[in-house]
Every structure is written in structure tokens, then in C-alpha cells.
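Undergrad: sequence? don't have it. structure:
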């Protein structure tokens, strides 16, 4: 690449403007460290007349062809979002040998393998650190530092909105609805929070992370997810009493050659590294027998943070040989997804039962017959009914699900049983 | 670089043998992901007759010239340790265009800028992730992902031995001597623990980290350090009561263009990200206004973990354009070191005083006259003497030191006052 590196930018919203500002403010550092001067040559915007601080109006265009069709552009930064037309545009750019840096989570979670294949074919590079956990450099670490570390599990708090809500529910005893309203007031949650609280945002991020960690093809449709929108404050409180913290976790595992990736609320013990990740922070815990546990933690969102990740990726493109990491390895799929119910885990089980003699005995018997053993029991009478909370020993999920089917049918069991995964040090692969 | 990459290895102890094993076990992954086949062509050992699992005896040599003088070697891995003759050897290799991966902390902390300059001159690359915090990828993250993030502070628990000892002192109320003996029994501390408990090991690591974070020249002699070997269990316990956790911290700051780097025991609030880093784990907290706080945590030592970092660096050499990061920027110094006493901090101050009326008033007056204000006071009578513990508000260190001089002279003050830095969220630059 020549001394002057020409950048074309697709989109110029909050993140794009942050990129412009950082490149401007750190131009001296970048030139000293890399030998390159970065020039924003063209920026695709909706309205070329609007003022963009730090940008010469002459570089603004409303025609994508001015960037995609310009051979002199060395790197394209995509910060416009959306899947259409970005998908087609980036495949084209990569195929023609132009490297791409993108912050587009949906695009990567749906078309990641195809984009990587296009990059390999075109001798270009695609980087997407900003698509997951903003400036926390988890993609680079997985893709480069830990490429040969044989990662066995990726467990993460990858959505800041839900972590803020859960932290507040625990800290102040708020209900879910109140905590959500507060998060919206403070700008941690959007007016329509469905994507975050329902788990879809986390599922997209886990698809990307697990692809890179396990060198395989995981798309968003491969990731079943449950959000926190139906979680009861009671369970958050009881879990806390029992020494656990409720988190919305993405859990990806590679076991016996098969991959499983999920997003759901889970309980972590109070001394677990993820337990102390509070507020809107994100954290990802990477495990393998070679490196044991490595955790990366930080703000998982924010315009400046995301822009910083984009700039880091641009510098990484400058510093790397195209196609040097995980091009084909990722594009051609590889590993099967694990069968439903094949996982082992410990569980939290809450039942509302009739407060009659012998109920605990009958419920314990059902669990025992299904091969499920009980670690802790907490029973509290509440007039005619009683609340029964159990922590179940680690075992096959299929057995717990079978027990649940029988419990639902028992006349003593009122309401739908609540079952929540418990993760912990016993879950570590090493 | 050609499809087959020839590696020469200097040394083959625990880390070296770990590298051999990982390269063997992950050869398929590495070839698929990078397109390169890695071959360990030559290994310098003391005794070429000794059996080395996984290595053909024909590659063993006792003559360094077989590696340094062989043009066909693409990458040299240095895992023999020591400064002499490694320093001279690596400068020579880098100058001739052979890239180097090293785990040698002492070498980097003493001769880092010279080695980087040699690499720049020779068009080669030097990588040294394994020299600090084993497999925690803090060097790569600072050098690449956060190159333009304008890091303002690096705060770390970078020595596992001392963190283990402090964690045990806090957890079980052990004395320093007992916790050290236990650490030695379990292999967390060496028979001669001076380097670790005295702080020199952490100082070397902080020299390396601060050089990379602030793009400047910091050598081990620029880093004043105090260890934990003179720490009193009492202070660990009192701190705990007051809601703080005692840690041996490396603290590097860039303020007003000047760099300060130190290692000393410090108190962190119980909800600080570094407070929950227990046992032999290491963690590094990176702060800047662009990325706020990013923390990397994991095991800071171990043969396999260190070997994994070496392998990650070898793959990074394969994937990168030589000289693309921080060659000259680091070699030519740049920033001044901050003047002594220029820092601001909060402090923990413990005084053993005569239990007489008016003592607290006189001590408070002295502090007030020096411009030091008190946040918390804890006084406990113990017969004729009393123990006075204060948390002092954040302020210039020079003022606290001036107060200390006067307190030492007061007849009511018995024993040497104990002064410990308190860090916390108020310390964050953003």
C-alpha cells in the first residue's frame, strides 16, 4: 500500500463521524507508527449538502458508485448499516481486491462466510471488530492471538442494555418494567427495545464470535435465543439470595467436534468472573485447555468506542498481509451443530406447588426417576401454596427436560415451572 | 513468506517444549487458516543428546551459529531467557531481516527500543506477547487494536505470585509469611521469591506495557517499585473492613505529555474491576477517553499459556507486513518522565499514636495545614496507644509527603506511618 491510503466511507452517522474525528486527531500517531497517511477520499451520505464537521464538502457524494467504482480507493469503511444493499456492495468490493472494515453485525451474522470467501477470492481483507462489543478487541484476539489456542468455549455478556437492566434489578430490587424504563430514560435502551431484551442482538453477536472461535460457519439462524423480557424479578432476587447473579449470556461450546451456540438468561456464581460485570458493560470469557480462561471486558457500545474499533481495524488492514487469517477456513463450514438436549448443565428450578404434605417427596421422586439430582432446596410456604426452588446438579439437559414434562403434569404443581441454566467453574472445560 | 516457514528456536525448556507441542497439535488448523506449514528446523539446546519429545534429534544443535548464520530460517523463537548473549544475538538476527518472537521480559525491559530499532533497520519484526502476562494478549491489543486509542492509563495486576499471596491473606487472614510459604508449596512462588514479591518482575512488565501504550521509551530503570514483602496483614485486614482490596499494582499514566510508571501495593474499592481478580490471575485495565475502560484478565504465567502466546506471535508475524506497527515510533524515545510527587491520588494512612486527648485534633491540623483533606477516619484504642486509619481525599502526592514528614516528627506518633495509594473510579481519566 502506498504512503497515502485512500479511504472510502459508506455512511456518516454517529460512528462514521467518530471515525473522521479519530483519524483527524491521531493522524500524527498513525503516520509515525505505520508510515501511512490516511485520507478520507469519498463519503457516501444521504444529503451531500449537510454539514459534516472535519470533512471537505467535496468528498461527499450520494452515489455509491463514486466509491465502489473507484480503483484508487484502498479501503472501504462501511458504517451505514443494514443488509441491503450493503451485502451486495461489500461482496463486490472485496471481490475486486478492496479491503473492507465494517461495523455491521447483522451483515456478518447473516453473510459472514460469503464475505470472507469474497475477500479470499479477491485477495482483499474484511475486518469487523466493531460489529461485536464495540472497542473490546475480541474478534482480533480470537482471530489472531488465539487462532491456534483451540478455544472450547466462548461465554459472554454481549448486550449492554440487558446487562444494565439486570444489574439494576439486582442492585435496587426494581421490576423488569421499571428497570427497562430507566434504561430508556438514560439512553441504554431504545424506544423499541425488542432486539436487545428479546436476545436477537446477542444471538447475532454470538454467531459471529463462535464462527471465529471455532473456525466454522455459524449463522444467526443457528443460534436459538431467549431474552430477559419474561424474566421474573422474583428469580433475580432468589438467585441473589442463593449466591448467584442473573445474566443474559451467550454460550458457545465446541464439544466432541460439534458446536452449540445459544443465548438465554443464566445464573453465574457470585465469584465467577462474569458476575462482577455490571451496568452496560460487556465481557467475553474465552476458555481452552491451552490458555485456561481469558476474559475481555469493557463498554460494549457507544459511538466513539465503536469508531475506535473501526480505526483499529483500518490500521490492522494496513499492517497485515491479505488473506493471512481464516479466509477459507471459515468459508467452508466444517463442524456440525450439536443435537438438541445434548448439553450438560446445572439448573435452577422454581416451582409453585400446593402446600400439602408429601409434595416435596413426590417432586424429588420424579426428579430422581429422571436421573436428575438435587444440590440445594429452598422451600417457603405462602399460605395455600409454597415456593420450591432447587439447584440441580450438573447433568444432561435432556433428563431435566424429561423431568419437566412430568412435573408440569403433576396436580400439585401450579403455574409453569421456571428453569434457568446455572453456569460456573464446574462448567470450565479444563 | 513461502508455504513452508522455517523456524529456529533458541532454547527448549518448558516454554519451548510447549511451543513444539502446540505447533504439532495445531498444524492442520494453522495450515488451513494461514496457508503456511510451520517447520521447526533448528533448536539450540545445551545437550543435543537429551531426548526432546516431538523433535527429530537431527534438528538439535549446541551451536547458535547454526540458527543465526542460516539464511533459510524465517523466524527465530527465543525462549532461552537471559540478557547475555540473547541481546546480541537477537539484534543481529533482526538486523539481518529475520523476524523474532521472544518471551524474554528482562531483555525487552532493558533493550526494547534497541531491538525495535534493529527490526526497523532490518525490515524484520519483533513480537513479545509472552514477555508480559503469558497468554493474555495485552501487547497485541495495545500495539494494534488500540494503537490510535490515545491510552491515558495502564493499571495492572501483572504478577501472579503476589496476587496469590494477597488473595490468600485477605481470604483466610494468613500472615504474609504463611501465605508466601503456601504459595511456594503450591508452585506459585519460587524458592527465592525476591524478584516477584519485591516488585522487580512487575516493574519490568510495566516498562514494556507503558512503552507500547504511550509510544515512548520506558526502561526498567525508569520504574520505581515497592513490593509486598513489608506489607502488614493488619493493613490488608483494615483495608478489607473499609471496603478496599489490597493489590500489588503497576500504574502507568500519561498526563500533560509526561509519563509516570510505578509498581507498589495499592488499595482498590471492592467494586473496582481489578478487585475481583483473585488467585494467581493477572489483569490489565486500559483507559482512554475513546474506549473508556477495557480490561484483559487471565492466567499470567504457566508453560503452556506462555507457549500459546509465542505461537500466537509466530502466526502474527506470518500475517503482518514487517515494520507496520510502532517501529521507529518507539525507538526514538519521545516523552519525558513525570516529576516526582507530581501525581495526584487518594491515600490510606495508618498511624500508631499515643492514646491521649487532642491527638486526633493535632494530626488533623497538620494534614489540613499541608492541604490534605480527610475522607474517612477509623480510630481504635489499644491501651496506651491507639491506631488511627484515615482515607485521604485525592490530592497532590507532594502535599501528603510533606505532611508525612511533619507527622513523623510528632512525639505522639509512634512507629513509622504507613501510607498506601488508593485507586478507584475517581482515578479514571475520563
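TA: Right, received. Where do you want to start? Model, not experiment: these values are computed from the prediction. Numbering: from 1, shown residues only, chains lettered A, B, ... in the order given.
Undergrad: Which secondary structure state does residue A:53 sit in?
TA: Following DSSP: H, G, I helix; E, B strand; the rest coil, the label given to residue A:53 is coil.
Undergrad: list the buried ones in whichever strand or helix holds residue A:346?
TA: Assigned by DSSP states H and E, residue A:346 falls within strand A:344-354. Neighbour counts over strand A:344-354 (16 or more other Cβ atoms under 10 Å in any protein chain shown) mark A:345, A:346, A:347, A:348, A:349, A:350, A:351, A:352, A:353 as buried. C-beta: built from backbone N, CA, C; applies to glycine.
Undergrad: mind listing the strands in the stretch 201-350 of chain A by residue range?
TA: In the stretch 201-350 of chain A, the strands defined using DSSP state E, counting those that start in this stretch lie at A:244-255, A:258-269, A:281-288, A:292-299, A:344-354.
Undergrad: Chain B: which of those strands is closest?
TA: Closest of the strands of the stretch 201-350 of chain A to chain B is strand A:292-299, at 3.8 Å (criterion: Cβ to the nearest Cβ).
Undergrad: for the closest one, packing partners?
TA: strand A:281-288, strand B:292-299 (3 or more Cβ pairs under 8 Å, 6 or more residues apart in numbering or on different chains; DSSP states H and E).
Undergrad: which neighbours does the last one have in its sheet, and in what orientation?
TA: Using DSSP bridges, the strands paired with strand B:292-299 in its sheet are strand A:292-299 (antiparallel), strand B:281-288 (antiparallel).
Undergrad: hey, which of these is tucked in deepest?
TA: Among the strands paired with strand B:292-299, the stretch with the highest mean neighbour count (mean count of other Cβ atoms under 10 Å in any protein chain shown) is strand B:281-288, at a mean of 25.
Undergrad: what's around residue A:321, how many residues?
TA: The tally of other residues near residue A:321 (other Cβ atoms under 10 Å in any protein chain shown) stands at 17.
Undergrad: got the contact list for it?
TA: Going by Cβ atoms under 8 Å, 6 or more residues apart in numbering or on different chains, residue A:321 touches B:318, B:319, B:320, B:321.
Undergrad: One more: residue A:45?
TA: Going by Cβ under 8 Å, 6+ apart, residue A:45 touches A:11, A:12, A:52, A:60, A:61, A:62.
Undergrad: Out of the strands paired with strand B:292-299, flag the one nearest residue A:81.
TA: Evaluated over the strands paired with strand B:292-299, closeness to residue A:81 peaks at strand A:292-299, with 19.4 Å, by Cβ to Cβ.
Undergrad: residues in contact with the closest one?
TA: A:133-138, A:141, A:146, A:160, A:273-274, A:277, A:280-287, A:305, A:428, A:430, B:135-137, B:273, B:291-299, B:302, B:305.
Undergrad: same thing but 6 Å
TA: For strand A:292-299, the external contacting residues (Cβ atoms under 6 Å, 6 or more residues apart in numbering or on different chains) are A:136, A:138, A:273, A:277, A:283-287, A:305, A:430, B:136, B:292, B:294-299.
Undergrad: What residues does chain A have near chain B?
TA: When proximity is defined by Cβ under 6 Å from any Cβ of the partner chain, chain A lies next to chain B at A:26, A:29-30, A:32-34, A:135-137, A:140-141, A:144-145, A:147-149, A:276, A:290-292, A:294-299, A:304-305, A:308, A:311-312, A:315-316, A:319-321, A:324-326, A:329.
Undergrad: per-residue confidence at the residue lying closest to residue A:141 once chain neighbours are set aside?
TA: Spatially, and ignoring its direct neighbours in sequence, residue A:141 is nearest to residue B:137 (5.0 Å; Cβ to Cβ, 6 or more residues apart in numbering or on different chains). We have a pLDDT of 97 for residue B:137.
Undergrad: I figured residue B:137 was touching residue A:144, is that so?
TA: No - when contacts are counted by Cβ atoms under 6 Å, residue B:137 is not listed as touching residue A:144 (8.1 Å).
Undergrad: With neighbour numbers in mind, choose between the two.
TA: residue B:137 (31 against 25).
Undergrad: can you tell me how far the more buried one sits from residue B:311?
TA: 12 Å (Cβ to Cβ, to the nearest Å).
Undergrad: check contacts around residue A:43.
TA: Counting by Cβ under 6 Å, 6+ apart, the residues that residue A:43 touches are A:9, A:12, A:59, A:60.
Undergrad: is it fair to say it lies in a helix?
TA: No - going by three-state DSSP, the assignment for residue A:43 is strand, not a helix.
Undergrad: which residue packs closest to it, ignoring adjacent ones?
TA: Counting by Cβ to Cβ, 6+ apart, residue A:9 is the residue found nearest to residue A:43 once chain neighbours are left out, at 4.5 Å.
Undergrad: Equivalent analysis for residue A:196, please.
TA: Of all residues not flanking residue A:196 in the chain, residue A:161 sits nearest, at 3.9 Å (Cβ to Cβ, 6+ apart).
Undergrad: Burial check on that neighbour, number of neighbours?
TA: Counted with other Cβ under 10 Å, residue A:161 comes out at 24.
Undergrad: Over to residue A:203?
TA: Residue A:203, neighbours per other Cβ under 10 Å, totals 26.
Undergrad: how close does it get to chain B?
TA: As judged by Cβ to the nearest Cβ, to the nearest Å, residue A:203 and chain B stand 24 Å apart.
Undergrad: Hmm, residue A:263 and that residue touching each other?
TA: Yes - taking contacts as Cβ under 6 Å, residue A:203 lies within contact range of residue A:263: 4.8 Å.
Undergrad: Please narrow the residues of chain A next to chain B to those residing in helices.
TA: Under the assignment DSSP state H, the residues of chain A next to chain B contribute A:29-30, A:32-34, A:140, A:304-305, A:308, A:311-312, A:315-316, A:319, A:329 to helices.
Undergrad: so which of those residues is the most crowded?
TA: The residue in those with the most neighbours, by other Cβ under 10 Å, is residue A:308 (32 neighbours).
Undergrad: can I assume that one is in contact with residue B:291?
TA: Yes - counting by Cβ under 6 Å, residue A:308 touches residue B:291, with 5.2 Å between them.
Undergrad: Can you pick out the most distant pair from the ones in helices among the residues of chain A next to chain B?
TA: Taking Cβ to Cβ as the measure, those have their most distant pair in A:32 and A:329, spaced 34.2 Å apart.
Undergrad: Any idea which of the strands of the stretch 201-350 of chain A gets closest to residue B:378?
TA: Per Cβ to Cβ, nearest to residue B:378 of these: strand A:244-255, 30.2 Å.
Undergrad: re earlier: would you list the contacts of residue A:321 in CSV and tack on pLDDT?
TA: CSV is the format used below for those (pLDDT from 0 to 100):
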residue, pLDDT
B:318, 92
B:319, 90
B:320, 88
B:321, 81
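Undergrad: Sweet, I'm off.
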